[in-house]
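> got a predicted structure here, sequence first:
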Amino acid sequence: MKTLKLTQLFFLMTILSFGQISIQEKSALISLANATKGDAWLKPWDLNSPVDTWHGVEVVDNKVVSLDLDFNNLDGTLPNEIGDLIHLEHLSLFRNAISGTIPTSIGKLKALKEINLAFNKLQGAIPNEVTTLASLESLQLFMNDLSGQIPRAIGNLSKLKVLELYNNNLSGSIPQSLENLTNLQVLVISSNTLTGKLPSNLSQLKKLKSLSVFDNQLLGTIPDSIGELASLEELVLSNNAFYGDLPNEMAKLSKLKILLIGNNSFKGELAQLEKKFPNLVEFDYQNTKSGGVLATLDTED
């Protein structure tokens, strides 16, 4: 009887020492700390304390559901074990010094609603496994050194509301599957090396409020269908190789507050555009790039 009580007490102490989460989840957190110089974090973890007292870790019903280590001096790589945090809904490691690649094991985190790995030193491609996270609502990977193409299957993320991939080295064309992201409100893919044309099927994104493709190598004319983005408040096309007349359908964008189209080869009375959008608070059409093509002033009503 005494032995049984001691066994029960040991079992209870083990549960409490793990902050009432699984051994697998705690091991994954420790692997993250070990891989990113946890002792040098601005707010390090006391591994002898319950997990639910660790900075940035939220535990609900004995499951790790949120990991928020923004501005915490993480320096190193993301371990494969991060994929063992299978109940995680929120992952934010913003503004650290994390290098290496995004592990493919991230595809195991099927409950994820938000990923923010922005402002780090991540390299390599965005793993296709990200496109299997059907619950994802926000994907923020901006200000890294990611390369390769935007995954062709990005359109599988039908619940996505925010997609921010700017300031990387992403190449290739804008995936056609983006048309499936009908809940998307923010699409910012500026400052990459994207090529090709602006897809006409972006008109399917009826909830889109912000569209920014600034500073890429995109070309061609702006499709008439852009006028169907009735919710659009911000349109940034600057520093590309777009040309021709802007479509009259743009006048339908009555909610537009920001319109930046400079450093392209657009034609027409560009200075007069401001009058067509009474809610504009920021407007730029100037060509300032050295050797850039100045817009001709062909009149278009």
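Structure received. All figures in this text were calculated on a predicted structure; none of them were measured in a lab.
> which secondary structure element contains Leu67?
strand 63-68 (DSSP states H and E).
> mind listing the strands that strand pairs with, and their directions?
Strand 63-68 pairs in its sheet with strand 57-60 (antiparallel), strand 90-92 (parallel), by DSSP bridges.
> which stretches of the stretch 1-150 of the chain form helices?
Per DSSP state H, counting those that start in this stretch, the stretch 1-150 of the chain carries helices over the ranges 2-17, 23-35.
> export stretch 90-106 as CSV, just CAs?
Extracted C-alpha coordinates of stretch 90-106, given in CSV (Å, rounded to 0.1, in the frame of the first residue of the first chain):
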residue,chain,number,x,y,z
HIS,A,90,-0.3,30.6,-32.6
LEU,A,91,3.5,30.7,-33.4
SER,A,92,5.3,34.0,-33.3
LEU,A,93,9.0,34.4,-33.2
PHE,A,94,9.1,37.9,-34.7
ARG,A,95,12.3,40.0,-34.6
ASN,A,96,15.0,37.5,-33.5
ALA,A,97,18.1,36.2,-35.2
ILE,A,98,16.9,32.8,-36.3
SER,A,99,18.7,31.4,-39.3
GLY,A,100,18.6,28.2,-41.4
THR,A,101,15.5,26.9,-43.1
ILE,A,102,11.9,26.5,-42.0
PRO,A,103,11.6,22.8,-41.0
THR,A,104,9.2,20.8,-43.1
SER,A,105,7.9,19.4,-39.8
ILE,A,106,5.9,22.6,-39.5
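> report the distance from that stretch to the chain centre.
In terms of CA atoms, centre = their mean, to the nearest Å, the centre of stretch 90-106 is found 12 Å from the chain centre.
> ok so, going back, residues in contact with the strand holding Leu67: which ones?
Contacts to strand 63-68, defined as CB atoms under 8 Å, 6 or more residues apart in numbering, come from residues 21, 25, 29, 51, 56-59, 85, 87-93, 111. Every residue, glycine included, has its C-beta placed from N, CA and C.
> the inter-axis angle of that strand versus helix 23-35?
20 degrees (axes from the mean of the first three to the mean of the last three CA atoms, to 10 degrees).
> just to be sure, Met250 is in a helix?
Yes - counting by DSSP: H, G, I helix; E, B strand; the rest coil, Met250 is part of a helix.
> count the residues that sit near it.
For Met250, the neighbour count with other CB atoms under 10 Å is 20.
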